[in-house]
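Asker: could you work out the structure for the sequence below:
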Amino acid sequence: MSFLYPTFLFGLFALAIPIIIHLFNFKRYKKVAFSNVRFLQEIKERTQAQSQLKHLLILLMRLLAITFLVFSFAQPFIKDESVKAIKGNSTISIFLDNSFSMNGVGTEGNLFETGRQFAYKIAEAYGQADEFQVLDHAFFPQHQRLYSKESIINTIDEVQLTPSSKSFSEVLKRQKEIFEKTENKNHNIYQIIDGQAEYFDGLNEFKVDSTSINFMVLPPEINSNILIDSCWFESPVRSLGQPEELKVRLKNLGDETRTGIPVKLFINENQKSLVNADIPANGNITIAMGYTVNSTGNIFGKVALSDYPITFDDEFFFNYTIQPNINIVTISPNDTSRIFHSLFRTDPYFKLNQFSEGNIDYSKIKNSNLLIINGLSSISSALVLAIDDLLQKGMNVCYIPSQSNNKIDVAFSNSLHLPALDKVVTQKSKVAKLNYAHPLYDNVFEKQEENIDLPTVSKYFPINNSQIGYETIMALDNGSPFLLSIQYESGKVFCFASPLTDSTTNFSKHALFVPTFFQMALKTGAPKNLFYELGQNQSIDLAENSISNEDVIHIKGVNQNIDIIPELQRGRQKFSFKIYDQIDKAGAYEIFVGEKKIGGLALNYSRKESETKYLTAEEITTLLKEKGFQNIKVIEESLSEVSKSLSQEATGTQLWQFCLLLSIVFFGLEMLLLRLFK
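Answerer: Presented below is the predicted three-dimensional model:
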């Protein structure tokens, strides 16, 4: 037996007090002489030995009562080989898993609420002088300090489910850092988790030591989950009034096939599609959901299904923008290009601006989706800079050579890495090959025709397309490109080998002319993510061109009381921002500059917590020991029994309650003896 507070044993010197009192109050018998004893009442004779026995019994009760009272303050405990008893104050770090997977159901109810109760029990098992840390996946700054036993209960109450998810190595490192802030030598680590396998990824990168770690593993009873994993469009272009087809990937992480799962598609809060899906066990399927949008601006979409008990992954948000107009600028030797005027004026969705090479409005170029340079003999440096800025934003440029020019302007060519045009060839040729796989012709052809009628050419400039990055769209019968594309920054440059006049080619009258230029105009803009994942801290680009360094960006939740100001970052020709941990709820968000709405944003929860692969207590112990961890303990007691177990873990088998009880008993026996011998 050992004592938690042995200094209280000095109180045993108090045993001298009843001994001294006993010695000074010891009654001695005296002889009294009587002349006659006939008139005395007959009494029971009491021997000197009996009187001494009475006093010794009372003294013994007093001594035992004081001894056990002192023991109760010294807090005796019994050491056991399986229990490491601790002397002195302790610092306790408690990690409460509050990831979305903890929203499942276990043997004692909701996993997260059960974990919270376990955290309370851990705090109750320790003393008032001990220090505590509560840590969760959010890694809030306030959790990097130590709390008293009274304060830690409120801190545990404040922990809520979060979309953040940290690994075992990250959590353990943060727990060990708190021990550097305390003078206590006794360090205790507890982790209350559901045992999700992904939590233990990355152990090879962690430097192990002799730290003792206590796990409380709360596995879910229902080990299945249906989720929406992702969504996408096959084509990057979204157009007003055109049929759209959204691809949605669904996953079944259970061992049973699920049939007839209703999956709904909402566009701007209106249901547009419903598909009943059959998902194989431990498999996934991709479904197609069709709809049409008849409005411009921000389009907010949501795919939803219903599944229990894990519900955070039952919704998936996406966002894109349909522009009210597609702006096209042509620059020609004179201010009109007849073929493009006839092409784009027929559709009000296209807004055409035409300029001569000596009268260019550069503000129109800045806001254009497609710039067509048609037959210029030279290109100014100002125009080269404007083209470069346009391509940086992901827009497209189309170059058509003039009748006499046999090479692209040197400044233009060097700036955009364009190929040089060789000497003109005046020879009748025909386009013999069409690249159906080029993105320019996505969803244009229902099938590939073998004997398709293609344009003819009577005059062209041979192009050397051997340089890496050039992609031939149309090729002549001798293999020389008629139309090629070059990726430059976020945009594309399209280069024709022939002027598009009636005397050189019939392309402007061919059936390919309309879809070719329509697609050049529509497939513009830097690729914009349909959605972003919370917690990744990735940079999000802004499409707005008129933002200045002094502007303040606001992100506001759609139908949510959320308004944050993100950190604005300036890059080359564009602005971007990061939201870090300012938003923790999935959904649709709008981006404002002042009162002006400039874009939209869709945020989704990470699907890492959707996985249903869990490790048992034995598997966790084995895994960690294989990685070098030796002091691993899994606490498997129920919630009702764990408090006693933790108390033993902290201080051994405590005996102070028994000592206090015995002290009271002996004081009671002393009082009883005094009454009996009175």
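Asker: for Ser356, name its beta-bridge partners.
Answerer: For Ser356, the residues forming beta bridges with it (DSSP bridges) are Ser332.
Asker: repeat that for Leu371.
Answerer: Bridge pairing for Leu371 - DSSP bridges - gives Val329, Val397.
Asker: quick one: it and Phe513, what's the gap?
Answerer: 18 Å (C-beta to C-beta, to the nearest Å). In this view, the C-beta of every residue, glycine as well, is placed from N, C-alpha and C.
Asker: which one of these two is surrounded by more residues?
Answerer: Legend: neighbour count by other C-beta atoms under 10 Å for Leu371 and Phe513, higher for Leu371 (25 against 17).
Asker: the more buried one touches Ile387, doesn't it?
Answerer: Yes. Here Leu371 lies in contact with Ile387, judged by C-beta atoms under 8 Å, at a distance of 6.6 Å.
Asker: overlap of the contact sets of those two?
Answerer: Ile365, Val397 (C-beta atoms under 8 Å, 6 or more residues apart in numbering).
Asker: how about the strands in the stretch 51-200 of the chain?
Answerer: Taking DSSP state E, counting those that start in this stretch as the test, the strands found in the stretch 51-200 of the chain are 76-78, 90-96, 105-106, 109-110, 131-135, 186-193.
Asker: quick one: which of those strands is nearest Ser235?
Answerer: Closest of those to Ser235 is strand 105-106, at 42.2 Å (criterion: C-beta to C-beta).
Asker: so how far is that closest one off the chain centroid?
Answerer: 23 Å (C-alpha atoms, centre = their mean, to the nearest Å).
Asker: so which helix or strand takes in Asp229?
Answerer: Element membership for Asp229 (DSSP states H and E) is strand 226-233.
Asker: that strand pairs with which strands?
Answerer: Strand 226-233 is paired, per DSSP bridges, with strand 243-252 (antiparallel).
Asker: buried residues in the strand it pairs with?
Answerer: For strand 243-252, burial by neighbour count (16 or more other C-beta atoms under 10 Å) applies to Glu244, Leu246, Val248, Leu250, Lys251, Asn252.
Asker: mean confidence score for it?
Answerer: When pLDDT is averaged over strand 243-252, the result is 95.
Asker: which residues does that strand contact?
Answerer: Counting by C-beta under 8 Å, 6+ apart, 224-234, 238, 258, 261, 263, 265, 277, 279-293, 301, 303, 305, 316, 318, 610 sit against strand 243-252.
Asker: looking at these, which are in strands?
Answerer: 226-233, 258, 261, 263, 265, 277, 279, 283-292, 301, 303, 316, 318 (DSSP state E).
Asker: among those residues, name the buried ones.
Answerer: If we count by 16+ other C-beta under 10 Å, the ones in strands among the contacts of strand 243-252 have these buried: 226-228, 230-231, 258, 261, 263, 265, 277, 279, 287, 289, 291, 301, 303, 316, 318.
Asker: what stretches of the stretch 551-678 of the chain score poorly on pLDDT?
Answerer: Low-confidence segments of the stretch 551-678 of the chain (pLDDT under 70): 571-574, 643-653, 677-678.
Asker: how near is Phe494 to Met520?
Answerer: Distance of Phe494 to Met520, given as C-beta to C-beta: 6 Å.
Asker: any shared contact partners between the two?
Answerer: Asn396, Cys398, Leu440.
Asker: any buried residues in stretch 552-566, and which?
Answerer: Ile553, His554, Ile555, Gly557, Val558, Pro566.
Asker: and of those, the nearest to Ile635?
Answerer: Gly557 (40.7 Å).
Asker: tabulate the strands of the stretch 51-200 of the chain in CSV, adding columns for distance to Gly587, mean pLDDT and mean neighbour count.
Answerer: CSV is the format used below for the strands of the stretch 51-200 of the chain (distance: least, C-beta to C-beta, whole Å; pLDDT from 0 to 100; neighbours: other C-beta atoms under 10 Å):
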stretch, distance to Gly587, mean pLDDT, mean neighbour count
strand 76-78, 54, 74, 19
strand 90-96, 26, 93, 24
strand 105-106, 25, 86, 17
strand 109-110, 24, 89, 14
strand 131-135, 27, 94, 24
strand 186-193, 28, 91, 22
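Asker: just put those in JSON lines and tack on distance to Gly628.
Answerer: Converted to JSON lines, the strands of the stretch 51-200 of the chain look like this (distance: least, C-beta to C-beta, whole Å):
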{"stretch": "strand 76-78", "distance to Gly628": "32"}
{"stretch": "strand 90-96", "distance to Gly628": "20"}
{"stretch": "strand 105-106", "distance to Gly628": "30"}
{"stretch": "strand 109-110", "distance to Gly628": "34"}
{"stretch": "strand 131-135", "distance to Gly628": "22"}
{"stretch": "strand 186-193", "distance to Gly628": "16"}
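Asker: how about these, which one is nearest Asn367?
Answerer: Nearest to Asn367 among the strands of the stretch 51-200 of the chain is strand 131-135; the distance by C-beta to C-beta comes to 50.3 Å.
Asker: average pLDDT across stretch 390-402?
Answerer: On average, stretch 390-402 scores 88.
Asker: could you tell me the end-to-end distance of it?
Answerer: 22 Å (C-alpha to C-alpha, to the nearest Å).
Asker: Ala475 reaches Pro481, doesn't it?
Answerer: Yes. The pair Ala475 / Pro481 is scored as a contact, 5.7 Å apart, by C-beta under 8 Å.
Asker: which one of the two is surrounded by more residues?
Answerer: For Ala475 versus Pro481, the count of surrounding residues by other C-beta under 10 Å is larger for Pro481: 24 against 20.
Asker: ranges for the helices of the stretch 101-250 of the chain?
Answerer: All helices of the stretch 101-250 of the chain, identified by DSSP state H, counting those that start in this stretch, fall at 111-124, 149-158, 168-178.
Asker: same question for the last one: list its buried residues.
Answerer: Within helix 168-178, the residues that qualify as buried are Phe168, Ser169, Val171, Leu172, Arg174, Gln175, Ile178, counting by 16+ other C-beta under 10 Å.
Asker: in CSV: those, plus pLDDT and distance to Ala586.
Answerer: CSV is the format used below for those (pLDDT from 0 to 100; distance: C-beta to C-beta, whole Å):
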residue, pLDDT, distance to Ala586
Phe168, 92, 25
Ser169, 89, 26
Val171, 93, 23
Leu172, 91, 28
Arg174, 92, 25
Gln175, 92, 29
Ile178, 90, 31
